[in-house]
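J.: need coordinates for the below:
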Amino acid sequence: MTASAPPSDPSVPNSESLLGLRVQIDSLDQQLLGLLNQRAHVAEQVGEIKKREGTPFFRPDRVAQVIEKMQHTNAGPLKDLHVAAIWREIMSACLALESPQRVAVLGPEGTFCEQAAIEYFGGAADLVYCASFDEVFHATAAGSAQYGVVGVENSTEGVVTRSLDLFLHSPAHVVGEVSLLIRHNLLRKTNVLDDIEVVLAHPQALAQCQTWLSKHLPNAERRAVSSNAEGARLASTNPAWAALASERAATRFGLHIIAHAIQDDAYNRTRFAIICLPETLATPPISGRDCTSLVVSVTNRPGALHDLLVPLKTHGVSMTRFESRPARTGQWEYYFYIDLDGHPLQPNVAAALAELRTTCAFYKMLGAYPVNA
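T.: Numbering: from 1, shown residues only. Prediction:
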């Protein structure tokens, strides 16, 4: 009887050519590590100079410049998208040596807000988890976090009204944005769809999945909670409950993904605004692909809204968003939230804003920042 061969160890190369390539990769990894640490030492010196001069540690325009330069010189086979992700993490890790950036996000761990923060600031950012967008604004305004990340608009359900209301009186302004492709998954402790009594999620997520829920879980209660990740946390405590949340939340709370990507719109996206106090970071310079956001109100008279829009047409400034919110004065007055294509330092935008301001009873610039397509 012939003895069977022992099982092969997948960690052991099965050919000399593969062994040679692995040795080459190990050598390159050591070289990369050495170069990255050299870069980190230089970043620490940059940090010391910034401390003495009192200049901002985090410069999103500088991050964008570095990434664009690396993509321009990228000869492949790495894709530009992956080059951007790699360099964002490198710069995030180096910035953490200069001065760790505290960023307030909607918690708990596993929210899309957290994902947006990591995409913008990198994985080395020090995230501060908040129970609501109200707390995110408060943490940013109070200085317990240098930056905040808040949802402002969804491609399916429209604006996040609470964020718009909070912008009205907050001293924070917008310095950037992140647009995320949102995939809602049904999560549960057990790996079956049967006997789900409650589905927990943020109100926007419940609305974005209403068709699927009506078809597959018509008798389940839809319960709104502060965030999708909070819904996932709660679902981990009761086998009869399920949540709508991200794959990150499923991993974080040990849940099964019962159904993938159940949102009604396959191209469902959410915009997140990056906010901070002006003394933390001033308005970013012109990038060539900018958005200017403002909130205004006009006196209640015939033609007032028309007069508000005339300066934009006169100076050739495109309006990319126009939303109204009640002023809550009891007199049917409204605030108008407007996004314009361009930067306030561009002559035509500056001229349009100057004229527009003269027609407003209330005028507040919310920020000017590069657009994240």
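J.: the residue nearest to Val317 when sequence neighbours are not counted: which element?
T.: Counting by C-beta to C-beta, 6 or more residues apart in numbering, Ala352 is the residue found nearest to Val317 once chain neighbours are left out, at 4.5 Å. In short, each C-beta sits where N, CA and C put it, glycine included. Secondary structure assignment for Ala352, by DSSP states H and E: helix 347-358.
J.: tell me what the helix or strand that that helix is followed by is packed against?
T.: Sequence-wise, the next helix or strand beyond helix 347-358 is strand 362-370, with elements assigned using DSSP H and E. Under the contact criterion of 3 or more C-beta pairs under 8 Å, 6 or more residues apart in numbering; DSSP states H and E, the helices and strands touching strand 362-370 comprise helix 60-72, strand 173-181, strand 269-276, strand 290-297, helix 347-358.
J.: can you put the ones you listed in a markdown table and add mean pLDDT, mean neighbour count and distance to Ile196?
T.: Below are the helices and strands packed on strand 362-370 laid out as a markdown table (pLDDT from 0 to 100; neighbours: other C-beta atoms under 10 Å; distance: least, C-beta to C-beta, whole Å):
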| stretch | mean pLDDT | mean neighbour count | distance to Ile196 |
| --- | --- | --- | --- |
| helix 60-72 | 91 | 15 | 42 |
| strand 173-181 | 95 | 20 | 26 |
| strand 269-276 | 96 | 24 | 25 |
| strand 290-297 | 96 | 21 | 40 |
| helix 347-358 | 96 | 16 | 51 |
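J.: just for the stretch 201-350 of the chain, where's the confidence low?
T.: Judged by pLDDT under 70, the stretch 201-350 of the chain has its weakly predicted residues at 329-332.
J.: quick one: the strands in it?
T.: In the stretch 201-350 of the chain, the strands defined using DSSP state E, counting those that start in this stretch lie at 221-224, 241-245, 256-259, 269-276, 290-297, 319-326, 334-341.
J.: circling back to that earlier point, which one of the helices and strands packed on strand 362-370 lies closest to Gly34?
T.: Each of the helices and strands packed on strand 362-370 was checked against Gly34 via C-beta to C-beta, and the shortest separation belongs to helix 60-72, namely 18.9 Å.
J.: tell me which of the strands of the stretch 201-350 of the chain lies nearest to Leu106.
T.: Leu106 sits nearest to strand 269-276 of all those, at 9.5 Å, using C-beta to C-beta.
J.: sorry, back to before: can you lay out the helices and strands packed on strand 362-370 as a markdown table showing distance to Lys79?
T.: Putting the helices and strands packed on strand 362-370 into a markdown table (distance: least, C-beta to C-beta, whole Å) gives the following:
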| stretch | distance to Lys79 |
| --- | --- |
| helix 60-72 | 9 |
| strand 173-181 | 17 |
| strand 269-276 | 21 |
| strand 290-297 | 26 |
| helix 347-358 | 34 |
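J.: distance-wise, check the residue nearest to Val317 relative to Glu230.
T.: Taking C-beta to C-beta, to the nearest Å as the measure, Ala352 falls 42 Å from Glu230.
J.: quick check, Leu187 in contact with Ala243.
T.: Yes: the pair Leu187 / Ala243 is scored as a contact, 4.7 Å apart, by C-beta atoms under 8 Å.
J.: intersection of neighbour lists for the two?
T.: 232, 235, 249, 255 (C-beta atoms under 8 Å, 6 or more residues apart in numbering).
J.: out of these, which comes closest to Gly151?
T.: Looking at the shared contacts of Leu187 and Ala243 and their distance to Gly151, the nearest is Ala249, at 15.6 Å (C-beta to C-beta).
J.: pLDDT score for the nearest residue to that closest one once chain neighbours are set aside?
T.: Leaving aside its sequence neighbours, Ala249 sits nearest to Gly110 (C-beta to C-beta, 6+ apart; 3.2 Å). In the predicted model, Gly110 carries a pLDDT score of 90.
J.: could you export the helix or strand where Leu95 lies as PDB, CA atoms only?
T.: Secondary-structure assignment from DSSP H and E places Leu95 in helix 80-98. This file holds the C-alpha atoms of helix 80-98, laid out as PDB (Å, rounded to 0.1, in the frame of the first residue of the first chain):
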ATOM      1  CA  ASP A  80      -5.000  55.900 -10.400                       C
ATOM      2  CA  LEU A  81      -7.900  55.200  -8.000                       C
ATOM      3  CA  HIS A  82      -5.700  52.900  -6.000                       C
ATOM      4  CA  VAL A  83      -2.700  55.300  -6.100                       C
ATOM      5  CA  ALA A  84      -5.000  57.900  -4.600                       C
ATOM      6  CA  ALA A  85      -6.100  55.600  -1.800                       C
ATOM      7  CA  ILE A  86      -2.500  54.600  -1.000                       C
ATOM      8  CA  TRP A  87      -1.200  58.100  -0.900                       C
ATOM      9  CA  ARG A  88      -4.100  59.400   1.100                       C
ATOM     10  CA  GLU A  89      -3.300  56.800   3.800                       C
ATOM     11  CA  ILE A  90       0.400  57.600   3.700                       C
ATOM     12  CA  MET A  91      -0.300  61.300   4.100                       C
ATOM     13  CA  SER A  92      -2.800  60.600   6.900                       C
ATOM     14  CA  ALA A  93      -0.300  58.500   8.800                       C
ATOM     15  CA  CYS A  94       2.400  61.200   8.500                       C
ATOM     16  CA  LEU A  95      -0.100  63.900   9.500                       C
ATOM     17  CA  ALA A  96      -0.800  61.900  12.700                       C
ATOM     18  CA  LEU A  97       2.800  62.300  13.600                       C
ATOM     19  CA  GLU A  98       2.600  66.100  13.100                       C
END
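J.: could you give me the buried positions within that helix?
T.: Buried positions in helix 80-98, judged by neighbour count with 16 or more other C-beta atoms under 10 Å: 83-84, 87-88, 90-96, 98.
J.: for it, packing partners?
T.: For helix 80-98, the contact count by 3+ C-beta pairs under 8 Å, 6+ apart identifies helix 16-53, helix 60-72 as packing neighbours.
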